[in-house]
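K.L.:
3D model of this:
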Amino acid sequence: MNLDLALYLVLDPVQCGGHARALEVTRAALDGGVTIVQLRAPEWHKRAWLELALDLLPLTQRHGVPLIINDHIDVALAAGADGVHIGQNDLPPDIARKLLGPEALIGLSVSNAQQINHANPLGAMIDYVGVGPVFDTPTKPDASAACGVEGLAKLCARSLHPTVAIGGIQLHNAADVKRAGPGGIAVVSAICTAADPRLAALRLLEST
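P.N.:
Numbers count the residues shown, from 1 in each chain. Coordinates of the predicted model:
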């Protein structure tokens, strides 16, 4: 599946208000131009992840947009999702690739130059890196220290893989983040808690 990182929705169903509302948010956000959806539900058990993933797939497939599962390769396989996004402490990328196969999309979180240096030689074992957090964010309280816009620019320039910026990105700072040179921006609350997720997605895409 084609990888377009322009507007990457990290879907947190708890922030959305539950399973049904998460589907409504995703449907609206896709109509607004979201280019990739990652399901991340740290407060949920895996069966709930799977049930939501199975309901999300028809929505994302209708728009030709990949559905990515955060961390849980077993959920991705069970749901028939398009790939996974893994962190530095999850299964190694080569194992993820072996389990998921050559067509899966695999993203890796990186937060500093050393992690970028380790990711660069991975080649086709990963498809992109998520760089951040750019700003401090309550969405992921255990995240590394924020790199800021200048730090983001340096990390994106260093990466041999496509990059998507993540962490504290909202409409008011999206343009500054984009100017740092990532391939796209990833948001959580900017869409998940928006009164109008479609309009939020449109405005984020149009921000320059």
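
K.L.:
where exactly do the helices run in the chain?
P.N.:
13-16, 19-31, 46-62, 73-79, 93-100, 113-119, 148-158, 171-179, 189-192, 197-206 (DSSP state H).

K.L.:
buried sites along the third one?
P.N.:
For helix 46-62, the buried set under the neighbour-count rule, 16 or more other Cβ atoms under 10 Å, comprises Trp49, Leu50, Leu52, Ala53, Leu56, Leu57, Leu59, Thr60. Every residue, glycine included, has its C-beta placed from N, CA and C.

K.L.:
now these as TSV including distance to Val75?
P.N.:
Shown next, in TSV, are those (distance: Cβ to Cβ, whole Å):
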residue	distance to Val75
Trp49	5
Leu50	5
Leu52	10
Ala53	6
Leu56	12
Leu57	12
Leu59	17
Thr60	15
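
K.L.:
now Gly67: how far from Arg21?
P.N.:
Not Gly; residue 67 is Leu. Separation of Leu67 from Arg21 (Cβ to Cβ, to the nearest Å) stands at 18 Å.

K.L.:
looking at those two, which is more packed in?
P.N.:
Leu67 (25 against 14; other Cβ atoms under 10 Å).

K.L.:
quick one: pLDDT of that one?
P.N.:
Looking at Leu67, its pLDDT reads 98.

K.L.:
now it, which residues is it bridged with?
P.N.:
Val37 (DSSP bridges).

K.L.:
could you shift the numbering so residue one becomes 18, and keep it that way?
P.N.:
Sure, I'll start numbering at 18, so the last one becomes Leu84.

K.L.:
isn't it up against Leu71?
P.N.:
No: Leu84 lies out of contact with Leu71 (Cβ atoms under 8 Å); the separation is 10.0 Å.

K.L.:
need the residues touching each of those two.
P.N.:
Common contact partners of Leu84 and Leu71 (Cβ atoms under 8 Å, 6 or more residues apart in numbering): Ala96.

K.L.:
quick one on the thing from earlier: which one of the helices of the chain has the most crowded surroundings?
P.N.:
Among those, ranked by average contacts under mean count of other Cβ atoms under 10 Å, first place goes to helix 206-209 (a mean of 23).

K.L.:
for that one, packing partners?
P.N.:
Contacts defined by 3 or more Cβ pairs under 8 Å, 6 or more residues apart in numbering; DSSP states H and E place helix 206-209 against strand 24-28, helix 30-33, helix 36-48, helix 214-223.

K.L.:
same list (those) but as a markdown table, adding mean pLDDT and distance to His62.
P.N.:
Formatted as a markdown table, the helices and strands packed on helix 206-209 follow (pLDDT from 0 to 100; distance: least, Cβ to Cβ, whole Å):
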| stretch | mean pLDDT | distance to His62 |
| --- | --- | --- |
| strand 24-28 | 98 | 17 |
| helix 30-33 | 98 | 12 |
| helix 36-48 | 98 | 13 |
| helix 214-223 | 98 | 25 |
